[in-house]
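Visitor: heads up, no residue letters with this:
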């Protein structure tokens, strides 16, 4: 199916190539990778009805590409196309620019969190539901199978966000970004960007298989109550 591809990918690839990782392999090693593959295969098989139904719903409500592909930075500073079910209107960039230009409070909120609680770009009802339930992130299990991501890890960063990580950028690039992680179970979008940086660095510094299992269990609880998702 068609995908949305934002501008600027060439610039991101060039920046990533100029910032190689110090680590020779992602944190967690072979055990983490084997678990990622097994868990993702089970997750995709279990969620197959959603993979079949959600694209039809999205296309019917907001005609256009079903998947959204956004360039994120992964292990070693390498860029990759991070997949999601599309939850925004087709001209989302223009809608956001117009909204931020008109609303100084929204500009301040976006600068703090890189997100908006009342985002005018989100497809009414369907987009909000997918984000609240995190079903929009199901396609990222395909990213895990490709080796771009892990089940548990730092939240996938854009190039602009990675630049703002400053001295902590090396921690981020030492791991594969995750579908879930410390940020996702600690408040998600209710947290400041600075807190997100702190949590990502803490995860990389303390990464272990028991920690990953604990975070996955906490993720289930977070998905049920939906706190911090918008």
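Guide: The structure has been received and is ready for your questions. What you see is a predicted model; the values in this text were computed from it and never measured.
Visitor: Was I right to think residue 72 contacts residue 82?
Guide: Yes: when contacts are counted by Cβ atoms under 8 Å, residue 72 is listed as touching residue 82 (4.2 Å). Where you see a C-beta, it was placed from the backbone N, CA and C, and this is true even at glycine.
Visitor: okay, and for the chain, where does confidence drop off?
Guide: In the prediction, the chain carries residues with pLDDT under 70 at positions 1-23, 226-230.
Visitor: Which parts of it are strands?
Guide: With DSSP state E applied, the chain shows strands at 3-4, 67-73, 79-85, 150-152, 178-180, listed in chain order.
Visitor: Quick check: can you name the pairing partners of the last one and their directions?
Guide: When pairing is defined by DSSP bridges, strand 178-180 lines up against strand 150-152 (parallel).
Visitor: Give me the distance between the strand it pairs with and the centre of its chain.
Guide: Between the mean C-alpha point of strand 150-152 and the mean C-alpha point of its chain there is a distance of 11 Å (Cα atoms, centre = their mean, to the nearest Å).
Visitor: Other residues contacting that strand?
Guide: Contacting residues not belonging to strand 150-152 are listed as 26, 28, 32-33, 35-36, 39-40, 144, 175-181, 203, 211-212, 215-216 [Cβ atoms under 8 Å, 6 or more residues apart in numbering].
Visitor: what's the answer for stretch 182-197, then?
Guide: Under the criterion Cβ under 8 Å, 6+ apart, residues 112-115, 117, 154-155, 161, 164-165, 168, 178, 199-200, 202-203, 215, 218-219, 221-222, 227-230 lie in contact with stretch 182-197.
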